[in-house]
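[1] Fold the following and give me the result.
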Amino acid sequence: MADCVFCKIINREIPSTRVYEDERIIAIRDLSPQAPVHVLFIPKEHIASADELNEDNCDIVAHIFSVIPGIAAELGLSNGYRIVNNCGEDGSQTVRHIHFHLLGGRKLSGKMV
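    Residues are numbered from 1 along each chain as shown. You can find the predicted model right below:
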């Protein structure tokens, strides 16, 4: 998508601090971190939100979740972390390209909202 900020980051039109990249996904540092470690895992294929996942593209979520533990370990998150996905306006999704937040580096609040 031409106007998608994450697609522009994937295409290196906008700079980012990449933590990980393979043929299917990138992981970048969040520009407004909510924890000492805050990394976004983003599929290279544009999928607007979890609402657009289906049999043809849902394997990307499994791939992301298979990569996260290794990256979390590399970033020193040995005592735990949180993975968050926001979906849609009421879910506070600010970029319409599915992504997952990896948060950690301190004791996180037990509140989910």
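
[2] Neighbouring strands - and their directions - for the longest strand anywhere in the chain?
    As far as residue count goes, and with DSSP state E defining each element, the longest strand of the chain is strand 37-43. Using DSSP bridges, the strands paired with strand 37-43 in its sheet are strand 25-29 (antiparallel), strand 100-104 (antiparallel).

[3] Kindly export the last one (C-alpha atoms) in CSV.
    As requested, the backbone C-alpha atoms of strand 100-104 are provided in CSV (Å, rounded to 0.1, in the frame of the first residue of the first chain):
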residue,chain,number,x,y,z
PHE,A,100,2.7,-7.3,17.2
HIS,A,101,4.3,-5.4,20.0
LEU,A,102,6.9,-7.2,22.1
LEU,A,103,7.2,-5.4,25.5
GLY,A,104,9.5,-6.1,28.4
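
[4] quick one: average confidence on the longest helix seen in the chain?
    Using DSSP state H to define each element, the chain has its longest helix at helix 59-74. Averaging the model's pLDDT scores along helix 59-74 yields 98.
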